[in-house]
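> here are the coordinates; sequence isn't available:
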């Protein structure tokens, strides 16, 4: 602290008050180090926490060559999943008029649809191997209704990735038989 002279004759002349000047330089080294640490931390965390996404290939909208072309698929390899309201899920194998299995209501998750997809995938691979085409796997058609939720559709896409189903399609169109099935539920 600066010494004050009170002017009472105790130690100086004239009664003037003098204070020493403080050093006005601030050392910013620690603040610069902290800034670089924070910048490094945020650069690393943002590059490590990128959102994961699934690749989804859709056909071009203006491609005229694929309009009104029926694609014939083997009904023994086809599984159809109908996503309904209130987390309802119905599946059938083959054609709805002459189904191989179903239509049957099933739950989401590993004990429900995943178990069924894996079982059907295995049987389709055996069927394809017996026909002499062992590479042909199951074809899953996912049909979301207007009352189904986006979460249910994403859950089904996740199940396709988990079960290793290579060929699946999202088809929001229903046959008259499927409409009756959906309306009945």
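Nice, thanks for sending it over. All of these numbers come straight from a predicted model, not from anything done at the bench.

> what residue ranges in the protein score low on pLDDT?
Scanning the chain for pLDDT under 70 picks out 1-15, 48-73, 185.

> Please repeat the previous calculation with a cut-off of 80.
Across the chain, the stretches falling below the confidence threshold (pLDDT under 80) are 1-25, 46-76, 96-102, 133-135, 176-185.

> Tell me which stretches of the chain form strands.
Shown for the chain, the strands assigned by DSSP state E span residues 78-83, 89-94, 99-105, 139-144, 167-170.

> Check those strands for me and report the most buried one.
With neighbours defined as mean count of other CB atoms under 10 Å, these peak in mean count at strand 78-83, which reaches a mean of 22. Using the backbone N, CA and C atoms, a C-beta is placed for each residue, glycine as well.

> Could you list every helix and strand in contact with it?
In this structure, strand 78-83 packs against strand 89-94, helix 113-130, strand 139-144, helix 150-163, helix 176-184, with contacts taken as 3 or more CB pairs under 8 Å, 6 or more residues apart in numbering; DSSP states H and E.

> looking at those, which is closest to residue 75?
Nearest to residue 75, of all those, is strand 89-94, at 4.4 Å by CB to CB.

> gap between that closest one and the chain center?
When C-alpha coordinates are averaged (CA atoms, centre = their mean, to the nearest Å), strand 89-94 and its chain have centres 24 Å apart.

> picking that back up, how about JSON lines for the strands of the chain, with distance to residue 183 added?
As requested, the strands of the chain are exported to JSON lines (distance: least, CB to CB, whole Å):
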{"stretch": "strand 78-83", "distance to residue 183": "11"}
{"stretch": "strand 89-94", "distance to residue 183": "12"}
{"stretch": "strand 99-105", "distance to residue 183": "13"}
{"stretch": "strand 139-144", "distance to residue 183": "14"}
{"stretch": "strand 167-170", "distance to residue 183": "21"}
